[in-house]
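Novice: sharing a sequence plus its predicted fold:
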Amino acid sequence: MILMDNIIRDGNPTLRKYADKVTFPLSQEHQQLAKDMMEYLEVSQNPDLAEKYGLRAGVGLAAPQVDVSIQMAAVLVPSPVEPDDPDNHDDVLKAAQEAQDNPVFKDVIINPVIVSQSVQLGALSEGEGCLSVDEDKPGYVPRADRITLRYQDVDGNDHKVRLKNYPAIVCQHEIDHLHGVLFYDHINKEQPFAAEENTLLIG
Ligand SMILES: OCN(O)CCCc1ccccc1
Ligand code: NI
């Protein structure tokens, strides 16, 4: 099971490497890694389990973050389900489970390539964070609002998906990890919350 101790932090050179392409069929260790990374996301999005294992919640996890420099990342973007009563613990758990049961996007993306992207930019209104970056880095992270993504899944099947808004942002964040790029590299140093005009603010 992947725990926070297994996640390397900014400063570790692996996070700045361009990761190696993955060959198929997947080795046993790469198959296990794919399972473990997706399991981390599932567990981290369950409030009770996240607390039990001391996990920071994540909607994505890239192999370089667990010090394996290969082009593989798990993505689990839950659907936006709100609890009926945010102060009722059972409601919160139920909503988290429901959100995960019909995710907006869920897959382990291998050798991903963004084959086209919108000119239209998008950025999360709250900025971004990263399990490998402990300090806050406030500011807009401008990305393409829509992307067409080609990747292989763990069975070696080719996929071509069109994503927009939040899932598109998350996949770009993960693909950046495979290229040695961290989210704050994109933040405007002089004016962190300046965004090019008509940048869509998401969420
Ligand atoms: O690399 C994934 N990881 O650091 C978890 C955070 C994922 C993430 C957070 C905000 C916006 C996009 C993606
Ligand atoms: Ni990250």
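Specialist: Thanks, I have the structure now. Ligands and ions are numbered 1, 2, ... in the order given.
Novice: enumerate the residues of the protein near ligand 1.
Specialist: 58-62, 65, 124, 128-132, 169-170, 173-174, 177 (CB under 6 Å from any ligand atom). Any C-beta I mention is one placed from the backbone N, CA and C, and that applies to glycine too.
Novice: restrict those to the buried ones and give me that as a ChimeraX selection.
Specialist: Command for ChimeraX, covering only those of these found buried under the criterion 16 or more other CB atoms under 10 Å:
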select :58,59,60,61,62,65,124,128,129,130,131,132,169,170,173,174,177
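Novice: take the residues of the chain next to ligand 1 and keep only those in helices.
Specialist: The helices, defined by DSSP state H, take in Ile169, Val170, His173, Glu174, His177 from the residues of the chain next to ligand 1.
Novice: could you list every residue that touches Val161?
Specialist: Phe105, Thr148, Leu149, Tyr151 (CB atoms under 8 Å, 6 or more residues apart in numbering).
Novice: same check, this time on Val66
Specialist: By CB under 8 Å, 6+ apart, the contact list for Val66 reads Ile2, Asn6, Ile7, Ile8, Leu33, Asp36, Met37.
Novice: just the buried members of those residues?
Specialist: Ile2, Ile7, Ile8, Leu33, Met37.
Novice: please list the members of the residues you listed that lie in strands.
Specialist: Using DSSP state E, no member of the buried ones among the contacts of Val66 falls in strands.
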